[in-house]
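Peer 1: when you get a sec, could you give me coordinates for this:
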Amino acid sequence: MKKTFFLLGTLTANLIFAEAKIESDGSILKRVNQAPTGMTLIGSKEEQVSKVVETASGQKMYAIPYTIKKGDTFSSILKDFVKLDSIINAKTPMIHMIRQKNPQIKSWEKLQEGVKIDLYVQESFLNEKAYQEYKDQELKKIQQKVLTERELQRQKMKKNAMPKGLKLSAFYMASTGTFDQKANDKSVEVNTTQDSPYSVGIAALYYPANKLYSFSTSAYYSALRGAVSSLGTDVDTPAEIGINFYTEYRLIGSFPITLYGGVDLEKFSTLNIDALYQESQVIIDESTVGYLTLGVAKLLSIGSVKLFNKLSFSKSFFSSTEKNYGGAQTDDFSGLKFMYYLNYKVASRWFIHGLVKWHVMSGPNDMAVTRFGLGFGYIF
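Peer 2: Just a heads-up that it's a prediction; the model follows:
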């Protein structure tokens, strides 16, 4: 036999009870810290999804936070928490309390999805089994929500964790490029291919604990092989050597980047233009140039691929040249250097990397160098 209860007055009447099916989203999981006016809170502090309150007249009511779902009506919500044989009307104290304590509801006949309300169910009407099932379900949601939030926080902390200590790596790279040099009066111009079968180097980074700044240095040795195309002569080119010292600062936030700056020192070979012009001889001079460098680094994600990018700009601040023909050098080289570097970690300790580097210098003569490199490295 079906049992009914009645909500009279302005509320729906003659409702048929069905088996309670509790469905709700996690947004109802809130806790009210104070009892409503005229009531005393007697529920324990451990209760998370409901509490027991006592009216001024000594009547117990169960206060239950609830978020309205699509299709909910006032009567359908109540039937999930009251006994099947309950007879309720508009004058029932719990109905009066619900309406009084939820002023945000303008029309109980047209409930809006997502709105939070506080239900009040008198002890004599409470369906204890349904109520307990609701509590158990919502407590599980609370626990899952806490675990999810903790995991997200852990992942966020891991992602933004500051590295610390000393990190070392070694690398290899092969490169190809061009070397162009000409006299200021354009009386001599040489276009040279300049390849490096191998460049080897080491790098070190030091991260102070829990700091946003760090320090780095690297050094390399690059064997060069060149051929002077305009003269058709192979050139025995000395190796290029370089070292740098940088200070880095990480900017964290929604778009984290690293800014860095420091000093680069490079020793490389140039052609003695005087010897070419006067003696038609290929003689190599060696020049040392110091640069002030500024750069930016950023880890970019393309799908599941993470690419570490660095872009730098350097301006020379001193140079010296050891001439092997024509006496001491009287003019210094000055100029700019641009470099783009790309690094992809293929395993926990192995990476592949590449670069594009461009020098443009002026002084005793004009010079432009372009280099493309590709290689691999190992992190200790």
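Peer 1: could you pull out the strands for the stretch 51-200 of the chain?
Peer 2: Using DSSP state E, counting those that start in this stretch, the strands of the stretch 51-200 of the chain run over residues 51-55, 60-67, 116-122, 165-183, 189-207.
Peer 1: what's the closest of those strands to Gln143?
Peer 2: strand 60-67 (16.6 Å; Cβ to Cβ). In this view, the C-beta of every residue, glycine as well, is placed from N, C-alpha and C.
Peer 1: from the middle of its chain, how far away would that closest one be?
Peer 2: Relative to its chain's centre, strand 60-67 lies at 42 Å (Cα atoms, centre = their mean, to the nearest Å).
Peer 1: before we move on, what about stretch 350-370?
Peer 2: From the chain centre to the centre of stretch 350-370 is a distance of 31 Å (Cα atoms, centre = their mean).
Peer 1: of the strands of the stretch 51-200 of the chain, which is nearest Gly375?
Peer 2: Nearest of the strands of the stretch 51-200 of the chain to Gly375, taken as Cβ to Cβ: strand 165-183 at 3.1 Å.
Peer 1: partners of the closest one, with directions?
Peer 2: Applying DSSP bridges, strand 165-183 is found paired with strand 189-207 (antiparallel), strand 365-379 (antiparallel).
Peer 1: reformat those as CSV; add distance to Val296.
Peer 2: Compiled in CSV, the strands paired with strand 165-183 are given as follows (distance: least, Cβ to Cβ, whole Å):
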stretch, distance to Val296
strand 189-207, 16
strand 365-379, 20
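Peer 1: so which of those strands comes closest to Trp350?
Peer 2: Closest among the strands paired with strand 165-183, using Cβ to Cβ: strand 365-379, at 5.9 Å.
Peer 1: neighbouring contacts of the closest one?
Peer 2: The contact list for strand 365-379, computed with Cβ atoms under 8 Å, 6 or more residues apart in numbering, reads 167-184, 194, 196, 199, 268, 270, 273, 333, 335, 349-361.
Peer 1: likewise stretch 244-259?
Peer 2: Here stretch 244-259 makes contact (Cβ under 8 Å, 6+ apart) with 160, 212-219, 260-265, 293-299.
Peer 1: let's see that with 7 Å instead.
Peer 2: In this structure, residues lying in contact with stretch 244-259 by Cβ atoms under 7 Å, 6 or more residues apart in numbering are 160, 212-218, 260-264, 296-298.
Peer 1: so the closest residue to Gly201 other than its chain neighbours, which state does it fall into?
Peer 2: Setting aside the residues directly before and after it, Gly201 is nearest to Tyr220 in space (Cβ to Cβ, 6 or more residues apart in numbering), at 3.3 Å. Under the three-state scheme (DSSP: H, G, I helix; E, B strand; the rest coil), Tyr220 adopts strand.
Peer 1: what's the separation between Tyr220 and Lys357?
Peer 2: Distance, Tyr220 to Lys357, by Cβ to Cβ, to the nearest Å: 12 Å.
Peer 1: with Asp264 instead?
Peer 2: Counting by Cβ to Cβ, the separation of Asp264 from Lys357 is 11 Å.
Peer 1: same question, Ser301
Peer 2: 25 Å.
Peer 1: these two: who's more crowded?
Peer 2: The neighbour comparison of Ser301 against Lys357 (other Cβ atoms under 10 Å) goes to Lys357, with 18 against 8.
Peer 1: could you give the bridge partners of that one?
Peer 2: With DSSP bridges as the criterion, Lys357 is bridged to Met339, Arg371.
Peer 1: any idea of the pLDDT on Val53?
Peer 2: We note a pLDDT of 84 for Val53 in this prediction.
Peer 1: surely it meets Met61?
Peer 2: Yes: between Val53 and Met61 there is a contact under Cβ atoms under 7 Å: 5.3 Å.
Peer 1: neighbour count winner among the two?
Peer 2: Neighbour totals were compared for Val53 and Met61, and Met61 leads with 24 against 21 (other Cβ under 10 Å).
Peer 1: for the longest helix out of those in the chain, give the mean pLDDT please.
Peer 2: The single longest helix within the chain, with elements called by DSSP state H, is helix 128-159. Helix 128-159 comes out with an average pLDDT of 82.
Peer 1: how far off centre is it?
Peer 2: With Cα atoms, centre = their mean as the basis, helix 128-159 stands 26 Å off its chain's centre.
Peer 1: quick check: buried residues in that helix?
Peer 2: Buried positions in helix 128-159, judged by neighbour count with 16 or more other Cβ atoms under 10 Å: 130-131, 134-135, 138, 141-142.
Peer 1: same check on stretch 332-345?
Peer 2: By neighbour count on 16+ other Cβ under 10 Å, the buried set for stretch 332-345 is 332-333, 335, 337, 339, 341-343, 345.
Peer 1: before we move on, what about stretch 176-185?
Peer 2: For stretch 176-185, by 16+ other Cβ under 10 Å, it's 177-183.
Peer 1: same question, stretch 85-100
Peer 2: Residues of stretch 85-100 classed as buried: 86, 88, 92, 94-95, 97-99 (neighbour count, 16+ other Cβ under 10 Å).
Peer 1: return the member of these nearest to Glu322.
Peer 2: Ile98 (93.2 Å).
Peer 1: give the contact list for Arg349.
Peer 2: For Arg349, the contact set (Cβ under 7 Å, 6+ apart) comprises 378-379.
Peer 1: show the pLDDT at it.
Peer 2: pLDDT for Arg349: 94.
Peer 1: quick check: bridge partners of His353?
Peer 2: For His353, the beta-bridge partners are Asn343, Gly375 (DSSP bridges).
Peer 1: cool, and Pro65?
Peer 2: Per DSSP bridges, the residues bridged to Pro65 are Asp118.
Peer 1: ok, it - how many residues close by?
Peer 2: 20.
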